[in-house]
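S.K.: quick one, fold the following:
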Amino acid sequence: MNFDGFFPLDTIDDFTRPPDTGYDTGIQLIKFSNIGGYSLGAVPFAWFMTLEGDIVSDTNGGTSTISLPLNVRNGEHRVQVNGSDTIVLSGSANLIGNGIIDKEGPGTLVMSGDHLSFQPAAFFVDAGTLRVGSDNGLAIGALIRLPS
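M.R.: Now for the predicted structure:
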């Protein structure tokens, strides 16, 4: 899914309620583009959505916040933060899974909120800044690899 600043109302509703099938909603791509920052959230007690692909920000210096309940499942997921952009992953216990997060690009990724239950297989920081914005921004014992 490409996110360019708006969703049709019916799409938001589909993403924020448990589907009838009992399975979560898969997201191939979250992309913030154009000028400015965005906020992508869900209603309280929303069903987890599986991040099957990547997160990309190209907003010319904007700050975008994701407070969706995301399942970062198996595999590697790029978080490409371009230029002076910032992506904030916030919320309380809204990240689960054991996939690999690969932070790329010169921008900043902020882990804010309570992510103690998020145990990624690894957290790679290939470029830019990873900022832990709260006491519980990363799980205890999280493996973080910095560029050499």
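
S.K.: for this protein, which segments count as helices?
M.R.: 9-15 (DSSP state H).

S.K.: low pLDDT regions in it?
M.R.: Applying pLDDT under 70 to the chain flags the ranges 1-25, 44-45.

S.K.: which parts of it are strands?
M.R.: Using DSSP state E, the strands of the chain run over residues 25-33, 39-40, 49-58, 63-66, 70-71, 76-81, 86-89, 95-96, 100-104, 108-111, 122-125, 129-132, 144-145.

S.K.: now the nearest residue to Leu95 once chain neighbours are set aside: how far from Gly97?
M.R.: Distance criterion Cβ to Cβ, 6 or more residues apart in numbering; nearest residue to Leu95, sequence neighbours excluded, is Phe118 at 3.9 Å. Every C-beta, even on glycine, is put in place using the N, C-alpha and C of the backbone. Per Cβ to Cβ, to the nearest Å, Phe118 is found 7 Å from Gly97.

S.K.: and those two? Which one has more around it.
M.R.: Using other Cβ atoms under 10 Å, the more surrounded residue of Phe118 and Gly97 is Phe118, with 25 against 21.

S.K.: pretty sure that one sits against Ile101.
M.R.: No - counting by Cβ atoms under 8 Å, Phe118 stays clear of Ile101, with 9.3 Å between them.

S.K.: between Phe118 and Gly97, what contacts are shared?
M.R.: By Cβ atoms under 8 Å, 6 or more residues apart in numbering, Phe118 and Gly97 have these common neighbours: Val72.

S.K.: for the closest residue to Ile144 other than its chain neighbours, give the beta-bridge partners.
M.R.: Nearest residue to Ile144, sequence neighbours excluded (Cβ to Cβ, 6+ apart): Phe123, at 4.7 Å. According to DSSP bridges, the partner residues bridging Phe123 are Ile101, Ile144.

S.K.: quick check: the gap between Phe123 and Arg78.
M.R.: Phe123 is 12 Å from Arg78, by Cβ to Cβ.

S.K.: tell me the spacing between Ile140 and Phe118.
M.R.: Look at Ile140 and Phe118: by Cβ to Cβ, they are 11 Å apart.
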